[in-house]
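Enquirer: For reference, the sequence and a predicted model appear below.
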Amino acid sequence: MNAIKALRALGPVDVRGIRRDKMLAYIALMPFALAVLVRFAVPWIRDQFLARIGFDIEPFFFLVMSYFFVMLSSALVGMAIGFLVLDERDNQTLQALQVSPLPMRDYVIYRVSVPLVISVLMTMAAYPLAGLGNLSVAQQLIVALSAALLAPLWMLFLGSFATNKVQGFALLKAAGFIMLMLPMFSYFVTSGWHWAFGLLPSFWPVKIYWLLEAGETAVWPYFLVAVAYQGALLLLLLNRFLRTIYQQQ
């Protein structure tokens, strides 16, 4: 009930904030634009490779899908909400919330749950729009749920370590490479060092996606590890985020 009150109080404010800021609106819509781009551009690139050098890149389509729709969809949602949080810090909104009828606990529940839910919906919508994957709806949902916690992790990362949007962009340049690119390299590591990439929370949803695309169905151990590890990191970042807010009083 309290979460619903927070949604009613803050939801319209967030929508207006995204509509006013073209950059945030662009980030929010990017998963769908990328899905359309992938749907038409990737098959064209495959045809060019086949015609020019006789190399078929279709067996690697799943790598493209895992990057754009397992990691990037949740990351973009978390970044958009994270920049809204930085706006709230700039506008002293977070300080005002501490003396408002809306408890900080409800604000935190709202801020964590909204990107999580939007991430699942965006992944489920963008994946079939791209048209290059072979997963069933149930398998898509498993992947989307395993990646959903990445969205609030990105949001809390920005809210905890950046003091403004400029600093937020600088942080994303470094963190983006580590979180979004390194898990892709893990596919080409066949030794035991492959599991070292598991230190990255974005590795586990990608691993689940690759296994499902390869026809493996016993992915529940990986799913549980993904949720448990991301949940633990979420609690750590949430603690850091709350300390940051209260230190600004």
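Expert: Sure thing, it's come through.

Enquirer: buried sites along stretch 115-122?
Expert: If you call a residue buried by 16 or more other CB atoms under 10 Å, then stretch 115-122 has these buried ones: 115, 116, 118, 119, 120, 122. Glycine gets a C-beta too; all of them are placed from N, C-alpha and C.

Enquirer: repeat for stretch 8-25
Expert: 9, 10, 14, 17, 18, 21, 24.

Enquirer: what's in contact with it?
Expert: 28, 80, 81, 83, 84, 87, 102, 107, 110, 114 (CB atoms under 8 Å, 6 or more residues apart in numbering).

Enquirer: Now do the host helix or strand of residue 64, average pLDDT.
Expert: Assessed by DSSP states H and E, residue 64 sits inside helix 61-65. Averaging pLDDT along helix 61-65 gives 89.

Enquirer: what do you get for stretch 136-145?
Expert: According to the model, stretch 136-145 has a mean pLDDT of 94.

Enquirer: picking up where we left off before, for the helix holding residue 64, packing partners?
Expert: helix 22-53, helix 203-213 (3 or more CB pairs under 8 Å, 6 or more residues apart in numbering; DSSP states H and E).

Enquirer: and the gap between the most centrally placed residue in the chain and residue 166?
Expert: Nearest to the geometric centre of the chain sits residue 74, at 1.9 Å (CA atoms, centre = their mean). For residue 74, the distance to residue 166 equals 24 Å [CB to CB, to the nearest Å].

Enquirer: Could you do residue 26 as well?
Expert: 17 Å.

Enquirer: before we move on, what about residue 109?
Expert: Look at residue 109 and residue 166: by CB to CB, they are 29 Å apart.

Enquirer: And those two? Which one has more around it.
Expert: residue 109 (15 against 10; other CB atoms under 10 Å).

Enquirer: roughly how far apart are that one and residue 152?
Expert: With CB to CB as the criterion, residue 109 and residue 152 are 11 Å apart.

Enquirer: same question, residue 236
Expert: Distance of residue 236 to residue 152, computed by CB to CB: 12 Å.

Enquirer: quick one, which of these two is more surrounded?
Expert: The neighbour comparison of residue 236 against residue 152 (other CB under 10 Å) goes to residue 152, with 28 against 13.

Enquirer: Can you name the helix or strand that the more buried one falls in?
Expert: Applying DSSP H and E, one finds residue 152 within helix 150-161.

Enquirer: Same check on residue 133?
Expert: Under the criterion DSSP H and E, no helix or strand holds residue 133.

Enquirer: do the same with the one 10 residues further on
Expert: Secondary-structure element containing residue 143, defined by DSSP H and E: helix 137-148.

Enquirer: Buried residues, that helix. List them.
Expert: 139, 140, 142, 143, 144, 145, 146, 147, 148.

Enquirer: Now do the contacts for the third one.
Expert: If I follow you right, that is residue 142. 208, 212, 219, 223 are the contacts of residue 142 under CB under 8 Å, 6+ apart.

Enquirer: which among those residues gets closest to residue 94?
Expert: Nearest to residue 94 among the contacts of residue 142 is residue 223, at 33.8 Å by CB to CB.

Enquirer: thinking residue 46 is in contact with residue 54, fair?
Expert: No: using CB atoms under 8 Å, residue 46 makes no contact with residue 54, being 11.9 Å away.

Enquirer: the more surrounded of these two?
Expert: Between residue 46 and residue 54, counted using other CB under 10 Å, the more crowded position is residue 46 (17 against 7).

Enquirer: Report the contact partners of the more buried one.
Expert: Shown in contact with residue 46 (CB under 8 Å, 6+ apart): 56, 57, 58.
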